[in-house]
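Trainee: Sequence first, predicted model second:
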Amino acid sequence: MIVTLDNGTKIECEDEPFAEGGEGKIYWDRAGTHVVKLYKGVEASREAIIREIVGPRYNVVLPEPFWDKYFAWPDAIIKQPSLGITMPRRKGTDMLWFLQPAARKAYANKNGPEKLGKWINYVRISIKMSQLVAKMHQRGLCHSDLSFKNFMCDPINDSVVLLDCDSLVVPLMAPPNVLGTKMCMAPELMTYYLGGAQATPTRETDRHALATLIYWLMLQRHPLIGPKQYDTDADISESLALGPRALFIEDPKDRSNNFPKMPPAFAYTSFLTPAVANLVKQAFIDGLHHPEARPAAPDWSQALRRMLDAIIPCDNPKCPAGSFVVHPGAGPVQCICGQPVRAVATLPVLNFYTQKKFGQFSSDQGYIMVGWPGRSLHKWHTDTDTATPELEADQNARARLEHDPVTKRWALVNLSLPDIVVLDSVQGPVALPPGQKVELKSEMRILFGPPPQYRMAYVQILKVA
């Protein structure tokens, strides 16, 4: 089959579609670079809407091309044999394979268990998902169907791609074509689906879907599907659990949907940093039935990115997670699998502070870095104006943490920061030029440069046992 673009270019495609939905049929092009979608029975305004999405006004890819690999964004309009679009062909696997136990087992049997990735891969994928949604929402767009079927991912490479970008809700022009996918739909949309009050997809319903996917992927359980039954009919019960009766499975006040035998270490408050746990609370307790209270995508991006700095690897080679969040002051440092840390006897904790008034520093929303041999500090750690790095942020390390296995001591090596000043109770302020290092001690303070542009770190030395 030959399709003709609106600029006259012709593309050769396979004769048979590989997928078909309510909107149209989808084909592979024979060059192997694009996917072709031909609409069927579309309204007259569809071409104008597609032009807005492809054009510079709403296209998230055009101004910053590095985003191109994260979106299957429409890049051309087809005129013949019917209205359609071309989209770049992307690699990845439907996210559902990594969410459900039976699907995970089947995927592991086919591809090898190592292809499922580790927990930290899911954290990184969640960061990217939140950044993609943030970029789209910044343009005023709503996806309306953020779900496991529209996110493709590859855990081994921490890659993720957002699909179905031709059906976005364009402000004042394109209403939503779908309400969403059942397991990811916001409660108000599911309620409408069941015949309740009118509701339409918005950025707030996107926020619920994003939070659901993040929680589900990182904790391997759906946030609303618990032991509580709402009807003797299983399908009706599930629909009520996702809609008008929705109740978080870890709600501390109404425990009727809690799993009674969940180990405390697996609770979201133990598994995640306080900042990420607070977003879970906002999404599934405060904002579950109050859309305006749901956290925005940039909130997830920042909190999850900062959580990476509190994660260390597990010593147990058979650990299903492979790493875990350290909670300073919460007792012995051990993984959720029960394995205590044995690689080191102590862990340095850098508590990040920012200057609010001259000479007065306060905690930067509880942001910490838990030291690990070779862990590095970057611009987004040291500078106050880069709290949430973009996907293609400057990756050059500015400082590095070192551990001496003989002396058991920790040091900070300055790689490129010109104005680090170290303050401790003995020596007072001491400059640390690039190329030099300083032993880390409890209650030491490190200024990464002149405030308020740069952060200060307050050092704790944490005993692991």
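Mentor: Received the coordinates, thanks. Residues are numbered from 1 along each chain as shown.
Trainee: contacts for whichever helix in the chain runs longest?
Mentor: Using DSSP state H, we find that the single longest helix of the chain is helix 119-138. By C-beta atoms under 8 Å, 6 or more residues apart in numbering, the list of residues contacting helix 119-138 from outside reads 60, 67, 70-71, 98, 143, 146, 151, 153, 155-156, 158-160, 162, 168, 203, 206, 210, 213-214, 217-218, 296-298, 300-301, 304-305, 307-308, 311, 320-324, 390-391. Just so you know, the C-beta spots here come from the backbone N, C-alpha and C atoms, and that holds for glycine as well.
Trainee: Quick one: buried ones out of the residues you listed?
Mentor: 60, 67, 70-71, 98, 143, 146, 151, 153, 155, 158-160, 162, 168, 203, 206, 210, 213-214, 217-218, 296-298, 300-301, 304-305, 307, 311, 321-324 (16 or more other C-beta atoms under 10 Å).
Trainee: Now do the same contact list for the closest residue to Val341 other than its chain neighbours.
Mentor: Excluding its sequence neighbours, the residue lying closest to Val341 (C-beta to C-beta, 6 or more residues apart in numbering) is Val464, at 4.4 Å. Val464 makes contact with 332-333, 340-341, 344-347, according to C-beta under 8 Å, 6+ apart.
Trainee: tell me the centre residue of this structure?
Mentor: Per C-alpha atoms, centre = their mean, the C-alpha nearest to the average position across the chain is that of Ser126, at 2.1 Å.
Trainee: Can you give me the pLDDT of that residue?
Mentor: Looking at Ser126, its pLDDT stands at 98.
Trainee: quick one: what helix or strand has Ser82 in it?
Mentor: Using DSSP states H and E, Ser82 sits within no helix or strand.
Trainee: Quick check: it vs Gly24, distance?
Mentor: Going from Ser82 to Gly24 by C-beta to C-beta, to the nearest Å gives 8 Å.
Trainee: Look at these two and report which has more neighbours.
Mentor: Legend: neighbour count by other C-beta atoms under 10 Å for Ser82 and Gly24, higher for Gly24 (21 against 14).
Trainee: Run a quick neighbour tally on the nearest residue to that one once chain neighbours are set aside.
Mentor: Closest residue in space to Gly24, ignoring its immediate chain neighbours: Tyr39 at 4.2 Å, by C-beta to C-beta, 6+ apart. Using other C-beta under 10 Å, Tyr39 is surrounded by 18 other residues.
Trainee: Tell me if I'm right that Tyr39 and Glu23 touch.
Mentor: Yes - in this structure, Tyr39 is within contact of Glu23 by C-beta atoms under 8 Å, at 5.8 Å.
Trainee: hang on, the earlier thing: from Met1, how far off is the residue nearest to Val341?
Mentor: Where Met1 is concerned, Val464 sits at a distance of 63 Å (C-beta to C-beta).
Trainee: cool, Glu114 as well?
Mentor: Glu114 is 39 Å from Met1, by C-beta to C-beta.
Trainee: Looking at those two, which is more packed in?
Mentor: Met1 (15 against 10).
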